[in-house]
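>>> Sequence first, then the predicted structure, then my questions.
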Amino acid sequence: MTSKQTSVILGALLIGLTGTVWAQRAVDNPDWKEIEVPPPPAFDVSKLVTFDVSPSASLVYGVDPAALRISRSDGVVRYVMVATSASGATNVMYEGIRCATAEFKTYARYSPDGQWRAVANAEWRSLFSGAASRHALQFAKAGACENAAPPSSVPEIISRLKGQN
């Protein structure tokens, strides 16, 4: 077995173990209540910290460190996610991750006219629900979550993201 094959197998095992840890700890607290969600923070695309979503991804994903928030009241990591294509087109979303339940929610999308548009009936969705959640799952794994809890600080998230690249 080559070292590359060994690395691929070990990587797959680690990803599987991460999912297992989340699955074991992702028990919803019946008393949990989300805080009133603050409005989307300002963001600067020139300051994005990018992270890998997939080797075959056609978009580059990143977050502006100044737009990251960790709410201790409800345990949600809120952020502005920017996805940019090779042609320069961007998608910008204001989202939150609940590390405790491995879920994410898109609160709003940034429109080409420079306005935030709230997502109607925004709901928590599993980080493991497929292509629509791939960026949120990879962000959680790259630094937004420590298994089933948010990191202790925004600088810690940024440090993890930078170490992942």
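Noted; the coordinates are in hand.

>>> Who are the contact partners of the nearest residue to residue 49 once chain neighbours are set aside?
Distances taken as Cβ to Cβ, 6 or more residues apart in numbering place residue 161 nearest to residue 49, at 4.8 Å, with adjacent residues excluded. C-betas here are computed from N, CA, C, even on glycine. Going by Cβ atoms under 8 Å, 6 or more residues apart in numbering, residue 161 touches 49, 50, 51, 63, 142, 143.

>>> element containing residue 161?
helix 154-164 (DSSP states H and E).

>>> Provide the contact partners of stretch 50-57 at residue level.
59-63, 134-135, 138-139, 142-143, 161, 164-165.

>>> 6 Å instead, please
60, 61, 62, 134, 135, 138, 142, 161, 164 (Cβ atoms under 6 Å, 6 or more residues apart in numbering).

>>> CA atoms of it as PDB?
The C-alpha trace of stretch 50-57 is given here as PDB (Å, rounded to 0.1, in the frame of the first residue of the first chain):
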ATOM      1  CA  THR A  50     -10.900  30.800   2.500                       C
ATOM      2  CA  PHE A  51     -11.200  27.100   3.200                       C
ATOM      3  CA  ASP A  52     -11.400  23.900   1.100                       C
ATOM      4  CA  VAL A  53     -14.900  22.500   0.500                       C
ATOM      5  CA  SER A  54     -14.000  19.800  -2.100                       C
ATOM      6  CA  PRO A  55     -11.200  19.100  -4.500                       C
ATOM      7  CA  SER A  56     -13.700  19.300  -7.300                       C
ATOM      8  CA  ALA A  57     -15.500  22.500  -6.100                       C
END
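
>>> quick one: average confidence on it?
Averaged over stretch 50-57, pLDDT sits at 84.

>>> and residue 132, how many neighbours?
10 (other Cβ atoms under 10 Å).

>>> Check the secondary structure at it for me.
helix (DSSP: H, G, I helix; E, B strand; the rest coil).

>>> For residue 47, see how far away it is.
Between residue 132 and residue 47 the computed distance is 26 Å (Cβ to Cβ, to the nearest Å).

>>> if we can go back for a sec, among the contacts of residue 161, name the ones in helices.
The members of the contacts of residue 161 all map outside helices under DSSP state H.

>>> Give the ChimeraX command for selecting the buried subset of those residues.
Remark: buried members of the contacts of residue 161, expressed as a ChimeraX selection using 16 or more other Cβ atoms under 10 Å:
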select :49,50,51,63,142,143
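
>>> quick one, helices of this structure?
Counting by DSSP H, the helices of the chain are 3-25, 134-139, 154-164.

>>> tell me which residues of the second one are tucked away?
Read that as helix 134-139. 134, 135, 136, 137, 138, 139.
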